[in-house]
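Undergrad: Kindly return the folded structure for what I paste below:
(2 chains)
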Amino acid sequence: MSKIWSETLYDAYGQSFAIDKVYFESKTEHQHLMIFHNAMFGRVMVLDGIVQTTEKDEFIYHEMLTHTPILAHGNAKRVLIIGGGDGGILREVCKHTSIEHVTQVEIDQAVIDMAKEYLPKHSNGAFDDPRANIIIDDGIKFVTETDEKFDIIISDSTDPIGPGEVLFTSTFYDGCKRCLNKDGILVTQNGVAFMQPDEVVTTSKRLAPLFSDTCFYGAAVPTYIGGIMTFAWATNNIQCRMQDVTAIRQRYSAANITTRYYNPDIHIAAFALPQYVIDAINE
Amino acid sequence: MTAFLKDIEIQQLAEQHGAPLLVLDCARLQQQYDDLQAALPGVEFFYAVKALPNDAVINTLKQLGAGFDIASSGEIDQVHRQQINPRRTIHTHPIKKDRDIRDALRFGCTTFVVDNIDELKKFRKYRHRVGLLLRVSFRSETAVVDLSRKFGCNPDEALQLIQRAQQMGIHVKGLSFHVGSQSSSADAHVHAIEQCMRIMLQSEVPLSTLDIGGGFPANYDGKTQDINDFCAPIREALSKIPADINIIAEPGRFLVAPAVMSISSVMGKAVRAGTTWYYLDDGVYGSYSGRIFDHATYPIRTLKTGETRSCVLAGPTCDSIDVIAEDIQLPELEIGDLVIGEMMGAYTAATATDFNSLARAKVLVLNEPGQDTLTPALQESLFPQPPELVPATLNTH
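TA: Residues are numbered from 1 along each chain as shown, chains lettered A, B, ... in the order given. Predicted coordinates:
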């Protein structure tokens, strides 16, 4: 029988994976990272007992966190990625020939090296894109100190318990605000609201004072169990998410990108939230 | 009694490795585990790592299917190094820093123990991730170490705390108790089980787990009740519990105490006020720390025979409290002679200190399952001056 890896995100409920082969395992101080193969999801990366990404369903997450803000913006040239060491976001951003520059700030070079070797399909060569500038630094430090400005900021962090914690703070959001261009958009991964409604509530409270338009959109990613994953959305230009499907179709068509989850109809529909999310935010 | 080594083997190990030593026999540990399992069928065991935080102990028990009771981030690191499935661990310290909770969650342990409202509040922000056991306090008349004063809520408060937890959206999944350590009868266990069941049946929130703690006595004095007899009333009490309730226990002492023997040597002797004092190279600041912290009296013997007389055994430090035994009957000893402490696995090495910058006793491991040699390789330890693990070879011809 195969060995079984069980996620320990929740005490009373969880998902398990049969491990066909372990490719990589590292335990640093208080951090346990493993990449293994599973027959249904391909390569699976887990950190501290929680699924981070799998080859099979990563496209849903990465496409939605990337194309939604870029095409909603309509004229994005400069993108900042915080975290995202597996390279999936970078790969999606680089699909847009209209994007002139991408800065990615990842706190740990080892994550990039490991992902390049064991999850090569995630970045698919994007780390070598001439438009990409990879900086190994603390994301919160970068957004607080940089003089550069960006049209889109994508925060692709780990969960709030662990190294990604600072990327859910007001200080980080404030830093993002200061290095966003006038019509810029910040998007962040924000957890599965059905299972952990607190994350939506907290993020909403922290973003609202900083941006004139804050909301969430969602997509169901199978290995982020428990319903839709929410992505936070923050900008000072409400027009960005008021684009109709025709406008998005034109931009999508002009971008000439291939996607497997994202399309203009999904784009519009993703902003329609279940009532339990709306109630949680408004409580 | 321990007696897993013949005198000649003890002599051999001392010559080979030098005193002071602690010798751990994993086969004896396994025997204890099997005995306890036979005495408490259907009960799931979580070894209390604190009793002897030793990698070989953890590895042996892991292979026997045990879970692990951890109470600190250091203990988490240790079970993590031994690749223990976090689902097979419970965090049992009733009082925690936020950091402790986060470390445990990041390891993958999602079961925690609380016994008061302030502790409960700490879990509000982790409420979607955790399942809690509420520790209830019952005083034991007979326990040597009474744990019900420092920890545990009053049984009368339990339902209210469960209700408060529910209002906060925190899942309390069961109750736990500790009657104390080294009980002389199971009366306290039985009483606590009955009281907990009363609470569990009254609770509106379904409670799935009852943690009956530890307190299973080790046979220090040779007169302690056999574990099967000791547990008979507990078995009886547990038999009345509905089958869908999961019964767990946190044995520590019972499992490891008889699995370890201390070997120290006489490094000096003097006659003071007509009594002979022997100064050993291990004492109450070292392996015999349980004399102080654990109120334990270990069976002590020598390899010599002959007429015995009353003497004093003192440890190697400069402190006057460092006396292992007063008025103990031993044959006349010479410098270099070995003194054997039996039943020295629980709360001995675990609470040893580095006072006087004296090195702690080396730990030798025998019969570790899955090891070709008799011991594991040198392992990283939690301690600033770690108890050294060295390979032991034993000529058993």
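Undergrad: Could you check how far B:T305 is from chain A?
TA: To chain A, B:T305 is 52 Å away according to Cβ to the nearest Cβ, to the nearest Å. All C-beta spots, glycine's among them, are computed from the backbone N, C-alpha and C.
Undergrad: Name the residues of stretch B:83-98 that come out as buried.
TA: Residues B:I84, B:P86, B:R87, B:R88, B:T89, B:I90, B:H91, B:T92, B:H93, B:P94, B:K96 are the ones in stretch B:83-98 that count as buried (16 or more other Cβ atoms under 10 Å in any protein chain shown).
Undergrad: Of those, which ones also sit close to chain A?
TA: Contacts with chain A within the buried residues of stretch B:83-98, as defined by Cβ under 8 Å from any Cβ of the partner chain: B:P86, B:R87.
Undergrad: So which of the buried residues of stretch B:83-98 belong to strands?
TA: Counting by DSSP state E, these place B:T89, B:I90, B:H91 in strands.
Undergrad: residue contacts, the last one?
TA: Right, the one you point to is B:H91. Residues in contact with B:H91 (Cβ atoms under 8 Å, 6 or more residues apart in numbering or on different chains) are B:I70, B:A71, B:I76, B:D100, B:I101, B:A104, B:C109, B:T111, B:F112, B:V113.
Undergrad: Report the two of these separated the most.
TA: Within the contacts of B:H91, B:I76 and B:V113 form the most distant pair, 14.5 Å apart (Cβ to Cβ).
Undergrad: so what's A:S204 up against?
TA: Going by Cβ under 8 Å, 6+ apart, the list of residues near A:S204 reads A:T214, A:F216, A:A232, A:I281.
Undergrad: By pLDDT, rank those and give me the bottom one.
TA: For these, the minimum pLDDT belongs to A:I281; the value there is 90.
Undergrad: Just give the number of residues close to that one.
TA: Around A:I281 there are 20 other residues, counting by other Cβ atoms under 10 Å in any protein chain shown.
Undergrad: Wait, it touches A:V201, no?
TA: Yes: shown here, A:I281 and A:V201 form a contact pair, counting by Cβ atoms under 8 Å, at 6.5 Å.
Undergrad: which parts of the longest strand seen in chain B are buried?
TA: In chain B, taking DSSP E as the definition, the longest strand is strand B:260-272. Neighbour counts over strand B:260-272 (16+ other Cβ under 10 Å) mark B:V260, B:M261, B:S262, B:I263, B:S264, B:S265, B:V266, B:K269 as buried.
Undergrad: B:P20 is in contact with the third one, correct?
TA: Yes: under the criterion of Cβ under 8 Å, B:S262 makes contact with B:P20 at 6.9 Å.
Undergrad: can you list residues touching both of these two?
TA: When contacts are counted by Cβ under 8 Å, 6+ apart, B:S262 and B:P20 are jointly contacted by B:D282, B:S287, B:A361.
Undergrad: where's the residue positioned nearest the centre of chain B relative to chain A, distance?
TA: Residue closest to the average C-alpha location in chain B (Cα atoms, centre = their mean): B:A51, at 2.5 Å. Distance, B:A51 to chain A, using Cβ to the nearest Cβ: 24 Å.
Undergrad: what's the answer for B:I10, then?
TA: B:I10 is 38 Å from chain A, where distance means Cβ to the nearest Cβ.
Undergrad: Is that residue in a helix, a strand, or coil?
TA: Here B:I10 takes the helix state, with states given by DSSP: H, G, I helix; E, B strand; the rest coil.
Undergrad: Fine by me, we can end here.
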